[in-house]
Each structure stands twice: as C-alpha cells, then as structure tokens.
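**Student:** turn this into a model:
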Amino acid sequence: FLQTQDSMRYRYKIFSISLGRVPDCSSPFPYLTDTRSVNAKMSSLKQENIQNTLKNKRIVKENNLHSLLDQITAQDKNLSLMEQQLKNQKVLRKLYKDKLVQGQVSVIDYLNVIQSYKSAENAKIQMQTNLWLLQNQYEYINW
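**Tutor:** Modelled structure (predicted):
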C-alpha cells in the first residue's frame, strides 16, 4: 500500500494536532531537521540570556549605589541637624540650671530638660551608627 507524500503530511498534521503540538509544515518529518542550526540558535539564546543577566545585575548594582548615596546624604543632613538641636538643648539646659539655682523653675522641669537632652543624645548616637552602617554597605557593594 503506497502513500503519497501529501497524505503522509496530512496524517502527520492530524497526529501532531491530536498531541497538542503545532505541526511544522516545512518538513514532513520535523524530527529530521538539522540539529546544528537548532543547537546554534540555542547557544545564541543562552549567550543573549547571559548578557541580559549581566546587564541587569549591573543596573541593579548602580541603582543600589545611588539609593545608598541618597540615604547617606539624608542621614548626614539629619545628623548635622541633630547636632544643632543638641547645641540648642545644651544652652537651654544651662539656662534651666541657672533658673533652678535662683529658684525660678522646679526640679521636675529641670529634670525634664535633662531627660530631653539625653534622649536627643541617644538619637544622635543611633543616627551616627546608622550612617556608619550605610557607608559600610556602600563600600561593600562598590568593592
């Protein structure tokens, strides 16, 4: 029983469709295609994928560095503002101490000023630590 090439193509298409694949109309036997061209295409796609991955990693690194620089700048500005606030609170503390000696303010008010000053000092120490951590993180990423 001889079959023509067209009837074989038709049967292959029907068989492929029943398997859920889209038939390749260029060849009646797609499994006999040139494997070198397929391997070359796969190799090319792998190289392109590697290049895209490297490019993505460079962009992520640059974005992280820019973000860290922005955070360092903001933290440094906040730290200088906190130092100015501490100077002002130191002057206020001295004024309250003088008024306490004169009997113009209560001991509780003076203690509240001291507590406020100590809280600001602790906040400054925490801000300085955070600044150092950000700088270390920047140096680590940029190494």
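**Student:** make it CA atoms for all contacts and neighbour counts henceforth
**Tutor:** Noted.
**Student:** now the helix or strand hosting residue 51: average pLDDT?
**Tutor:** Residue 51 belongs to helix 35-102 when assigned by DSSP states H and E. Average pLDDT, helix 35-102: 94.
**Student:** what does stretch 136-143 give?
**Tutor:** Per-residue pLDDT over stretch 136-143 has a mean of 94.
**Student:** return the set of buried residues in it.
**Tutor:** Within stretch 136-143, the residues that qualify as buried are residue 138, counting by 16 or more other CA atoms under 10 Å.
**Student:** tell me, what residue is most central in the chain?
**Tutor:** Nearest residue to the geometric centre of the chain (CA atoms, centre = their mean): residue 64, 5.7 Å.
**Student:** where's it relative to residue 138, distance?
**Tutor:** 8 Å (CA to CA, to the nearest Å).
**Student:** now for the next helix or strand after the helix holding residue 51, which elements pack on it?
**Tutor:** Remark: after helix 35-102, the chain's next helix or strand is helix 107-142, criterion DSSP H and E. On a contact count with 3 or more CA pairs under 8 Å, 6 or more residues apart in numbering; DSSP states H and E, helix 107-142 meets helix 35-102.
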